[in-house]
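Asks: 3D, please:
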Amino acid sequence: MKKNWKAALLAGLSLCLFLTGCRGGGGGGTPAKPKSDLPERKKISTPVASSFKVDGRTVNIYEYTGLTFKDQTLWTEKLAVDGDRIYFFGFDNKDKTYRTKLRSVSYKDETLSDLKVLDGRANWRYRLVVSNGTVYDWHKKGEYNSIKTNSPDYWHYYDGKAMVPTDLRGMTLVPIDQGKDVVYTEGSDYWIGTLEKGKLTKGKKLLSGTEAKKDGLSLKGQWADKDGFYLMGYLKNDKGENCNVVRQFSLENGQLLQSFEGPPTKEGRGYAVTEHRVVMGQEGGIYWIYNKKDGKLLGKFKTEPKLTMEILTPMKNDSILIYRRINRSEAKLYRMDL
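Replies: Below you'll find the model as predicted:
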C-alpha cells in the first residue's frame, strides 16, 4: 500500500513538472521571448556582413551583391528607395565630362540587378525624392553642354523616358511616406500640400522658419511619415560642441513632439527614420538607436566587424539602406534589418 502511495506521488510530481511548474513559481522550460514592437523577420540565407544586439534582438547587416559599380560610380549625397528599385546619382568613369546621371537598380532580397541610366542630360544633380511612385531630382534645365553656369535649378520628374522640368524652384520637397502629400518650403517656412506629376497644390502652413531653426539648429536633411515631420541637423550642446540631432514635429499643428540627440557632428554619419526607430550613424561603425514612440535611446551599438557608413536611407519594414564609400571610384550598398 505504501509503495502504491509513493508511486502515485512521484507520478503526480513528474506530471506537475512537465506542465511547466504547475502554473506557478516560474517552472522550467524556455523563457518567453520579450515582445518586440518590430515586425517578425523572415528567414534570410544571405551571409551576415556585420551585426550588433539591441534589446536582446540581433540586428544584422547584409551586403548587396550581384553588381559592381567600377565603371558607373555611385557619387551621390542622397539615395531613394521605392518598390523594388533604388535610385541614386553617379557618373561614368570613362566620361571626361563627369556628368552626374540619375540611375536606378533593382533589388530582390540582397541581390542587385538591372542597372539603368534614367537620365544623363544634367551636369550636376542635387536633391532626390520619390512622391507617389514618381522620382524627382533638382538640376538646371536643358542639356549639360548648353547650360549657363548661373542659370537656376528646378525640380524635374521622371516620366518613364526622361526627366521633365517643372516650374518648381528654390524649395524643398519632403513627401510624407513617399506619397502625394508633401511638406514643402516657401522661403524658410514649411507648408503642407499635394504633388502630382510636377504640379504642387498648396495647403496649410505647418512650421515657421524661426520655429524650425530654434536654438540655432543647422539643417542637414528632412523626412516625413505618418508620425510626423523630421528636421535633421546639428546644435551646440551645453559644452559648446556641435552634436547631431533629429527633431520630430506634429503634422497636425507643427508642435515639437520629440528631440533625439546624437553623436558629435564631426563624427556623424547619416540619419534615418523608420516605422519604429530613429537611427544616427557615427564614425567607426557605431549606431545610435532610439525608440521613435517614446524617444528612449536604446543604446549606442558598434558593428562587429566594423562597418562604416556615409548615407542612411529608410526602407520598408524597419530596414535601412546603407551607402558606404570604399574609395573615390568604389562604393557598396548594404541593408540593415532592425
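
Asks: Local confidence estimate at residue 95?
Replies: At residue 95, the model reports a pLDDT of 74.

Asks: so it, which of the three states?
Replies: Secondary structure for residue 95, judged by DSSP: H, G, I helix; E, B strand; the rest coil, is coil.

Asks: How many residues are close by it?
Replies: 12 (other CB atoms under 10 Å). Quick note: C-beta positions are derived from backbone N, CA and C, even for glycine.

Asks: How about residue 207?
Replies: Neighbours around residue 207, by other CB under 10 Å: 23.

Asks: Name whatever forms a beta bridge with it.
Replies: residue 190 (DSSP bridges).

Asks: How about residue 183?
Replies: Beta-bridge partners, per DSSP bridges, of residue 183: residue 174, residue 192.

Asks: before we move on, what about residue 297?
Replies: What pairs with residue 297, by the bridge criterion (DSSP bridges), is residue 290.

Asks: change the start of the numbering to 3 and stick with it
Replies: Will do, 3 is the new start, and the previous item becomes residue 299.

Asks: Helix or strand next in line after the helix or strand of the chain with the lowest mean pLDDT, which one?
Replies: Within the chain, no helix or strand scores below helix 4-20, which has a mean of 43 by mean pLDDT, DSSP states H and E. Of the helices and strands lying after helix 4-20 in sequence (DSSP states H and E), the nearest is strand 52-56.

Asks: what's the spacing between that next one and its chain's center?
Replies: 17 Å (CA atoms, centre = their mean, to the nearest Å).

Asks: for the record, mean pLDDT for it?
Replies: The average pLDDT for strand 52-56 rounds to 94.

Asks: Please report how far residue 206 lies from residue 189.
Replies: 16 Å (CB to CB, to the nearest Å).

Asks: what do you get for residue 154?
Replies: From residue 154 to residue 189 the distance is 16 Å (CB to CB).

Asks: before we move on, what SS does residue 205 have?
Replies: Strictly by three-state DSSP, residue 205 counts as strand.

Asks: now the stretch 53-202 of the chain, which segments are flagged as low pLDDT?
Replies: Counting by pLDDT under 70, the stretch 53-202 of the chain shows low-confidence ranges at 72-75, 100, 147-149.

Asks: where do the helices sit along it?
Replies: Assigned by DSSP state H, counting those that start in this stretch, the stretch 53-202 of the chain shows no helices.

Asks: Which of the three states applies to residue 268?
Replies: Going by three-state DSSP: residue 268 is helix.

Asks: Could you report the pLDDT at it?
Replies: So, for residue 268, pLDDT stands at 94.

Asks: pretty sure it contacts residue 244?
Replies: Yes - shown here, residue 268 and residue 244 form a contact pair, counting by CB atoms under 8 Å, at 7.2 Å.

Asks: So between the two, which is more surrounded?
Replies: Per other CB under 10 Å, whichever of residue 268 and residue 244 has more neighbours is residue 244, with 16 against 11.

Asks: Bridge partners for that one, pull those for me.
Replies: residue 238.

Asks: Please tell me how far residue 277 sits from residue 261.
Replies: Relative to residue 261, and taking CB to CB, residue 277 is found at 20 Å.

Asks: who has more neighbours, the two?
Replies: With neighbours defined as other CB under 10 Å, residue 277 and residue 261 compare such that residue 277 has more, 18 against 14.

Asks: tell me the phi and psi of that one?
Replies: phi -60, psi -40 (degrees, to the nearest 10).

Asks: Stretch 159-178: which residues count as buried?
Replies: Using 16 or more other CB atoms under 10 Å as the burial criterion, the residues of stretch 159-178 that qualify are 159, 160, 165, 166, 168, 170, 174, 175, 176, 177, 178.
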